[in-house]
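K.L.:
Provide a 3D model corresponding to the input given below.
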Amino acid sequence: MNVDRLIDEVIGREGDYSNHPADKGGPTRWGVTEHVARAYGYKGDMRTLPRETAAGIYRRRYWTDVHLDQVAIVFPKAAEEMFDTGINMGQAVAGKFLQRALNLLNMGATIYPDLLVDGQIGPLTIASLKSFKQRRGEAGQTVLLKTLDGFQVAHYADITEARPANEVFFYGWIATRVGAL
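P.N.:
Residues are numbered from 1 along each chain as shown. Below you'll find the predicted structure:
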């Protein structure tokens, strides 16, 4: 799994500086919000956030710290999908999507026990993912991706209905985020 390629692709999709009035994220460069940049020690103007700083934040916050490197060993495409989802919706949301999917795909807890849906990808989530793969093989990744995409669309719909200002983003989210990897 080449996380550098994923980061380059995300930065390409996210683009340079933006501060859209309807975007609750505020000033953003390379897809990194000011809040996140500050949490990782960046003190400068968001218009000048170095690309390398953004790449480092992506690698740590959205890949390694949330154990997507471990997910990638089992199902690389699922890890890619969750990486992008975590960036756009939050890492805990991506983790919850995985855990919910695994719970729905475990045949009444006969393949592995139901997981606590807390968004934290830990040893139990990874073990369940491995058990799912052992039972379903590589074809299981396709079903898992469809399930993750379904949750993603539903989440975009929910947040847009709750906050109509998000309608300006809805088409683009569906066009560029869902199943795009």
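K.L.:
farthest residue from the center of the chain?
P.N.:
Each residue of the chain has a distance to the centre, and by C-alpha atoms, centre = their mean the biggest one is for residue 110: 27.6 Å.
K.L.:
pretty sure that residue sits in a strand.
P.N.:
No. Assignment of residue 110 by DSSP: H, G, I helix; E, B strand; the rest coil gives coil, placing it outside any strand.
K.L.:
how close does it get to residue 171?
P.N.:
Relative to residue 171, residue 110 is positioned 40 Å away (C-beta to C-beta, to the nearest Å). C-beta coordinates here come from the backbone N, C-alpha and C atoms, glycine included.
K.L.:
same question, residue 159
P.N.:
Per C-beta to C-beta, residue 159 is found 14 Å from residue 171.
K.L.:
same deal with residue 146?
P.N.:
In this view, residue 146 and residue 171 are 21 Å apart by C-beta to C-beta.
K.L.:
neighbour count for the two, which is higher?
P.N.:
Counting neighbours by other C-beta atoms under 10 Å for residue 146 and for residue 171 shows that residue 146 has the greater number, 12 against 9.
K.L.:
same for the helix or strand the more buried one falls within, what does it pack against?
P.N.:
Secondary structure assignment for residue 146, by DSSP states H and E: helix 139-162. With contacts taken as 3 or more C-beta pairs under 8 Å, 6 or more residues apart in numbering; DSSP states H and E, helix 139-162 sits against helix 76-89, helix 91-104, helix 123-136, helix 167-176.
K.L.:
deepest of these, which one?
P.N.:
Most buried of these by mean neighbour count (mean count of other C-beta atoms under 10 Å) is helix 76-89; its value is a mean of 23.
K.L.:
the inter-axis angle of that one versus helix 139-162?
P.N.:
Helix 76-89 runs at 10 degrees relative to helix 139-162, counting by axes from the mean of the first three to the mean of the last three C-alpha atoms, to 10 degrees.
K.L.:
picking up where we left off before, could you report the pLDDT at the residue farthest from the centre of the chain?
P.N.:
Note for residue 110: predicted pLDDT of 95.
K.L.:
now do stretch 34-50: distance from first to last residue.
P.N.:
13 Å (C-alpha to C-alpha, to the nearest Å).
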